[in-house]
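J.: The sequence and its predicted three-dimensional model are supplied below.
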Amino acid sequence: MAQVATRDGASLHVKDMGNGPPVVLIHGWPLTGDMWEYQTLALLEAGYRVITYDRRGFGHSSHPATGYDYDIFADDLADILDHLDLRQASLVGFSMGGGEIARYLSRHGAGRIARVALVASVVPYLLQDDSNPNGVDIGVLQDMKDQVRTDRFAFLQSFAKTFYGVGWVSRPVSQGLLDWSFQLGVMASPKATIDCIDAFGQTDFRGDLAAFTVPTLIIHGASDKTVPIDTSGRAAAAGIPHARFIEYDGEPHGLFATAPDRLNADLLDFLGI
């Protein structure tokens, strides 16, 4: 484990494990890098070097009062890649973590990158407006922020049930995993938790899609109620014509836990040592 200093003075909690081709796993909201437990183990056992980190404001990283936008998040990722001097790295971004990949590629280029994967990602644009009629209504995002302000703890417990498809998904997660997800979520700064709803909910990545010049994999659950597939996975696949797109029928947002074996197999096939 290491603390990597960013260009603006924040400190990022980084785990760097194993040897072999490097794979950087970028977590979703409101969790930490530890959400990748199933994938980390599979990648390590397959001979990869696995790097996870907590986004600023989350987990064991710095909790500054400001700085929760994708230009800064992308620069944070660049600082980690530079600090570890990663070459031919593969980036895998889940949910809001896909936004880091899109903005990193457009701000910093693909010189260090071999390939990228977007898993249940918010790319290319989540907000509903005249240019994106299938997006998420701004009122939904505002309600999320209101609930976080009122009772962040109750919200996190309720949110997890939709996140993992509790009550309807074919492979239900355990109560232990729900409790673990809650523990990861409450580690975040309340300010970061709220500000990141605006970041992932309102940032338009459509202009970043041209920067996806490396092999790209897109995976999305067809029954995702958190980041709807039409406005995200399917739109990203249409905007990155060379990308490989895989839909997981019946899967919710948190497919890293509800379909870990399938996700691991698809990632390993794509990474292909």
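T.: That came in fine, so what should we check first? Here the structure is a predicted model, which means the values were calculated and not measured. Numbers count the residues shown, from 1 in each chain.

J.: Would you mind writing the CA trace of the strand or helix carrying residue 98 as CSV?
T.: When secondary structure is defined by DSSP states H and E, residue 98 falls within helix 97-108. What follows is helix 97-108, C-alpha atoms only, in CSV (Å, rounded to 0.1, in the frame of the first residue of the first chain):
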residue,chain,number,x,y,z
GLY,A,97,-14.9,5.2,-12.7
GLY,A,98,-15.6,5.0,-16.4
GLY,A,99,-15.6,8.8,-16.4
GLU,A,100,-12.0,8.9,-15.1
ILE,A,101,-11.0,6.8,-18.1
ALA,A,102,-12.8,9.0,-20.6
ARG,A,103,-11.5,12.2,-19.2
TYR,A,104,-8.0,10.8,-18.7
LEU,A,105,-7.7,9.7,-22.3
SER,A,106,-8.8,13.1,-23.6
ARG,A,107,-6.6,15.1,-21.1
HIS,A,108,-3.5,12.9,-21.0
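
J.: So what does the closest residue to residue 28 other than its chain neighbours look like in phi/psi?
T.: In space, and not counting its chain neighbours, residue 28 is closest to residue 95: 3.2 Å by C-beta to C-beta, 6 or more residues apart in numbering. The C-beta positions use only the backbone N, C-alpha and C, and glycine is treated the same way. Here the main-chain torsion angles of residue 95 (degrees, to the nearest 10) amount to phi 50, psi -120.

J.: Mind jotting down where the strands sit in the stretch 101-250 of the chain?
T.: Ranges of strands in the stretch 101-250 of the chain, per DSSP state E, counting those that start in this stretch, are 113-119, 216-221, 244-248.

J.: Ok, which of these comes nearest residue 254?
T.: Each of these was scored for nearness to residue 254 using C-beta to C-beta, and the closest is strand 216-221 (8.5 Å).

J.: so where is the protein shaky, pLDDT-wise?
T.: Residues of the chain meeting the criterion pLDDT under 70: 273.

J.: now the end-to-end length of stretch 231-251.
T.: End-to-end distance of stretch 231-251 (C-alpha to C-alpha, to the nearest Å): 16 Å.

J.: Pull out the buried residues from it.
T.: Judged by neighbour count using 16 or more other C-beta atoms under 10 Å, the buried positions of stretch 231-251 are 231-237, 239-240, 243, 245, 247-248, 250-251.

J.: Show residues contacting that stretch.
T.: Counting by C-beta atoms under 8 Å, 6 or more residues apart in numbering, stretch 231-251 makes contact with 98, 118, 120-126, 128, 132, 134-136, 165, 169-170, 206, 209, 212, 215-224, 229, 255, 258-259, 262, 266, 270, all of which sit outside it.

J.: phi, psi of residue 17?
T.: In this entry, residue 17 is assigned phi and psi values of phi -130, psi 140 (degrees, to the nearest 10).

J.: Skip the chain neighbours and tell me the closest residue to it.
T.: If you skip the residues right next to it in sequence, residue 17 has residue 50 as its closest partner in space, 5.0 Å away by C-beta to C-beta, 6+ apart.

J.: That concludes my questions; thank you for your assistance.
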